[in-house]
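[1] quick one: sequence plus predicted model below, questions after.
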Amino acid sequence: MEMSFEVRFCETDALQHVSNTALVSWFEAARDPIFRMFTPTMDLQNWPLILASYKVDFLAQIFYGKTVTVKTFISRLGNSAFDVYQELWQDGNLCSTGITTMVHFDYKQQRSAPIPDDIKATLQAHFKALPND
């Protein structure tokens with residue numbers, strides 16, 4: 001899955017490159033197709049996911065005035081949790097990577113719940129093995 005963003009002026013910092021906080025927003029926006037796998041209508045009253053953790057690695061500077069592209073994959077798929085691996089590219093350069101752990105969650109019971117088989121199969125179609133896995 002890929003999603004591109006135009007770097008906005010307000011996303012730059014005093015060092016004249018993109019602020020590290022912008023990447024977290026882009027990564028979250030690029031997870032939208034995954035959210036829709038669980039909730040096609042994006043109904044927040046019946047939201048089935050929680051974010052358990054995320055990690056972002058900054059590999060190269062990102063600059064204003066150039067498009068960035070986020071590539072999104074599934075790198076781990078468990079019974080109720082999964083990892084979303086994302087790469088941020090600009091001008092053919094890998095600038096950042098991120099891993100977000102998401103949990104399928106039953107808010108009424110306040111506990112994790114198994115990912116339905118049909119959704120699991122859709123997630124599996126976007127699987128990318130990472131080095132050291």
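    Sure thing, it's come through.

[2] test my guess that Asn20 contacts Asp57.
    No - at 10.8 Å, Asn20 and Asp57 do not qualify as touching, with contact defined as C-beta atoms under 8 Å. Where C-beta positions appear, they are placed from N, C-alpha and C, glycine not excepted.

[3] and the helix or strand hosting Thr21, average pLDDT?
    According to DSSP states H and E, Thr21 maps onto helix 20-30. For helix 20-30, the per-residue pLDDT values average out at 91.

[4] beyond it, next helix or strand please.
    Counting by DSSP H and E, the next helix or strand C-terminal to helix 20-30 is helix 32-38.

[5] summarise which helices and strands that next one is packed against.
    Counting contacts by 3 or more C-beta pairs under 8 Å, 6 or more residues apart in numbering; DSSP states H and E, helix 32-38 is packed against strand 67-77, helix 117-124.

[6] most packed of the ones you listed?
    Using mean count of other C-beta atoms under 10 Å, the stretch among those with the greatest mean number of neighbours is strand 67-77 (a mean of 17).

[7] please work out the average pLDDT along the helix or strand following that strand.
    Scanning the chain past strand 67-77 towards its C-terminal end, the next helix or strand to appear is strand 81-90 (assignment: DSSP H and E). Strand 81-90 shows a mean pLDDT of 97.

[8] where are the low-confidence patches of the protein?
    Across the chain, the stretches falling below the confidence threshold (pLDDT under 70) are 133.

[9] if we use 90, what do you get?
    Low-confidence segments of the chain, defined by pLDDT under 90, are located at 5-22, 43-47, 63-65, 131-133.

[10] in it, which strand has the most residues?
    Ranked by residue count, the top strand of the chain under DSSP state E comes out as strand 93-106.

[11] what is the next helix or strand after it packed up against?
    Once the chain leaves strand 93-106, the next helix or strand it forms, by DSSP H and E, is strand 111-112. Counting by 3+ C-beta pairs under 8 Å, 6+ apart, the packing neighbours recorded for strand 111-112 are strand 93-106.

[12] would you mind measuring from Leu15 to Ile62?
    When C-beta to C-beta, to the nearest Å is the yardstick, Leu15 and Ile62 sit 11 Å from each other.
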